[in-house]
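Asker: got a predicted model here, sequence first, then my questions.
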Amino acid sequence: MTDDRFRALPAVETLASQAGADGVPRALVIEAAREILAREREAMGADPARAAAGDLGARVLALARMLSEPAQGRVINATGVVLHTNLGRAPLSEPARRAVAQAARGYLALEYDVEEGKRSHRALGVEAWLRRLTGAEAALAVNNGAAALLLTISALAQGKKALVSRGELIEIGGSFRLPEILRKAGATLVEVGTTNRTRLDDYQRALTPEVAMLLRVHPSNYRVIGFSERPSRGELAALAHGAGIPLVEDVGSGALFDTREVGLEHEPTVLESLTEGADLVTFSGDKLLGGPQAGLVVGRREWIDALKRDPLARALRIDKLTIAALEATLAAYVDPERALSEIPTLAMLGAPAHALQAQAERLRDALASIDGLVVTVVPQASEVGGGALPGASLPTVAVALRAQDRSASALERLLRLGRPPIITRIQDDRVLLDARTLLDEDPAEIARIVGEVFQRD
């Protein structure tokens, strides 16, 4: 009986022909046919009473279409988390998108001095903007924030020691921990103080000729509150400079503006760190800066030059598309008002209550005619996300969906499997679509997708 059931399954080529191509490359149809047959054999093996399914061709074509699309395709972020790490963090501004398209379209002077007619260095424009915006002597861009810190430690403390407060031994996304980064960079970690209280004399007692840097790390994805203490930047800078070594600070989220201007609690800015004595400051490009993934380092020229000479600098350098997006993003900061309106991350964080209410009402009205769906507008709270301003709550407005014939989890799954997927959150057995992270064109597209879901079912 078992052999007969398996014999009833078509051959790969036969199933691929039955499925049809419908514009999908045949190689992907063949791959999908093999995968669907493998799944069917596994299901039949687990259930002796199961016969071969009759919809194999349709399943093959659906899988082949999915294989032909980008694996990291566009999604609609209705979660309310502005810097959603799993959804790519900061969306790029329109000028940044145009700059990327222009850079991708043809050749560009990436490492070429047009005026002199000879080889130059990449990312000179990015470095110029960073110097202009922060007042730093020099700057450098690499491919992400962890890389910026890794390169800094490698160039300045390899084979030597770095002092770090126990309260700052952070773990960033993906279980990467600061002690591991130090070890990988060839430096020896010297922990000072305690988890909640570290004083200046803790650093002083640990200073030896083998110490090459003081490392201060901003807790951008957690908070130490209550009975806590840490030295100021100025105190640490004076101690480091007295010992002839640099004070390096990783400020993480990379704010180039005062977050209080958009109604958030204060987040240390890059300029503050430099002004108060840090010799090098490292930060990310795709968090509060609102640009592409990048690791940025600004500060004293002598230390930046040391980073540029390190062999890791080439391995960690950024590509032409990132340079284009980053330069266009930084250019907006020359006018703070322009940055707050042009850069999507800043616009979302600073969205006024009336704009959020209007966006939610547009979405509610677009969904109101769908049978079987109860739609309401409700007050909610959203998050900054992306390892920035932990615990900060942003008052927002959301559209709550309740289906009459299915659970919230079933509805969430159907929306998540839409084209494009709609990523939501569930609360009180309702699916919530937060207006804060919706783009202007999203309500109409969400209505189309939800309508298709209910028509199909």
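Answerer: That came in fine, so what should we check first? Numbers count the residues shown, from 1 in each chain.
Asker: who touches the residue nearest the centre of the chain in this structure?
Answerer: Centroid-nearest residue in the chain: Arg89, 3.0 Å away (criterion: Cα atoms, centre = their mean). By Cβ atoms under 8 Å, 6 or more residues apart in numbering, the contact list for Arg89 reads Leu83, Asp286, Lys287, Gln293, Gly385, Gly386. C-beta: built from backbone N, CA, C; applies to glycine.
Asker: ok, those residues vs Ser17, which is closest?
Answerer: The shortest approach to Ser17 among those belongs to Gln293, at 43.2 Å (Cβ to Cβ).
Asker: show the backbone phi and psi for the nearest residue to that closest one once chain neighbours are set aside.
Answerer: Nearest non-adjacent residue to Gln293, counting by Cβ to Cβ, 6 or more residues apart in numbering: Asp286, 4.6 Å away. With angles defined as degrees, to the nearest 10, Asp286 sits at phi -110, psi 20.
Asker: surely Asp286 and Gly385 touch.
Answerer: No. Counting by Cβ atoms under 8 Å, Asp286 stays clear of Gly385, with 11.4 Å between them.
Asker: neighbour-wise, which of these two wins?
Answerer: Taking neighbours as other Cβ atoms under 10 Å, Asp286 and Gly385 compare with Asp286 leading, 28 against 22.
Asker: quick one: contacts for the more buried one?
Answerer: Leu83, Arg89, Ala90, Pro292, Gln293, Ala294, Gly386.
Asker: could you measure from it over to Leu56?
Answerer: 42 Å (Cβ to Cβ, to the nearest Å).
Asker: then Leu411?
Answerer: 28 Å.
Asker: just Arg430 next, same as before
Answerer: Using Cβ to Cβ, Arg430 is found at 37 Å from Leu56.
Asker: correct me if wrong: Ala447 contacts Ala368.
Answerer: No. Using Cβ under 8 Å as the test, Ala447 is too far from Ala368 to be in contact (9.3 Å).
Asker: more neighbours: which of those two?
Answerer: Ala447 (19 against 11).
Asker: that one: what secondary structure?
Answerer: Assigned by DSSP: H, G, I helix; E, B strand; the rest coil, the conformation of Ala447 is helix.
Asker: what's the nearest residue to it if we skip its chain neighbours?
Answerer: Ala366 (3.7 Å).
Asker: also Tyr112?
Answerer: For Tyr112, the spatially nearest residue (Cβ to Cβ, 6+ apart) is Ser120, at 5.7 Å.
Asker: count of residues packed around that neighbour?
Answerer: 13.
Asker: and what of the one 3 residues further on?
Answerer: Counted with other Cβ under 10 Å, the neighbours of Ala123 add up to 24.
Asker: and the pLDDT for it?
Answerer: Predicted confidence (pLDDT) for Ala123: 90.
Asker: for it, grab phi and psi.
Answerer: phi 60, psi 20.
Asker: what is the end-to-end distance of stretch 255-275?
Answerer: Using Cα to Cα, to the nearest Å, one end of stretch 255-275 lies 14 Å from the other.
Asker: correction: the previous question concerned stretch 399-408.
Answerer: Note: stretch 399-408 ends 13 Å apart using Cα to Cα.
Asker: so how far is it off the chain centroid?
Answerer: 30 Å (Cα atoms, centre = their mean, to the nearest Å).
Asker: begin at 591 from here
Answerer: Yep, numbering from 591; the last one is stretch 989-998 now.
Asker: could you pull up the residues touching the closest residue to Glu684 other than its chain neighbours?
Answerer: Distances taken as Cβ to Cβ, 6+ apart place Glu932 nearest to Glu684, at 7.3 Å, with adjacent residues excluded. Applying Cβ under 8 Å, 6+ apart to Glu932 gives the contacts Ser683, Glu684, Pro685, Ala922.
Asker: which one of the residues you listed sits closest to Gln794?
Answerer: Of the contacts of Glu932, the one sitting nearest to Gln794 (Cβ to Cβ) turns out to be Ala922, at 42.5 Å.
Asker: okay, the closest one and Trp719: tell me how far apart.
Answerer: Distance from Ala922 to Trp719, by Cβ to Cβ: 10 Å.
Asker: and Gly880, helix, strand or coil?
Answerer: coil.
Asker: hmm, it is touching Leu930, no?
Answerer: No. Gly880 lies out of contact with Leu930 (Cβ under 8 Å); the separation is 9.9 Å.
Asker: which residues are common contacts for the two?
Answerer: Residues touching both Gly880 and Leu930 by Cβ under 8 Å, 6+ apart: Leu936.
Asker: excluding its backbone neighbours, what's nearest the residue nearest to the centre of the chain?
Answerer: Asp876 (4.3 Å).
Asker: what about the longest helix in this protein?
Answerer: Once the chain is assigned using DSSP state H, the helix that runs over the most residues is helix 616-636.
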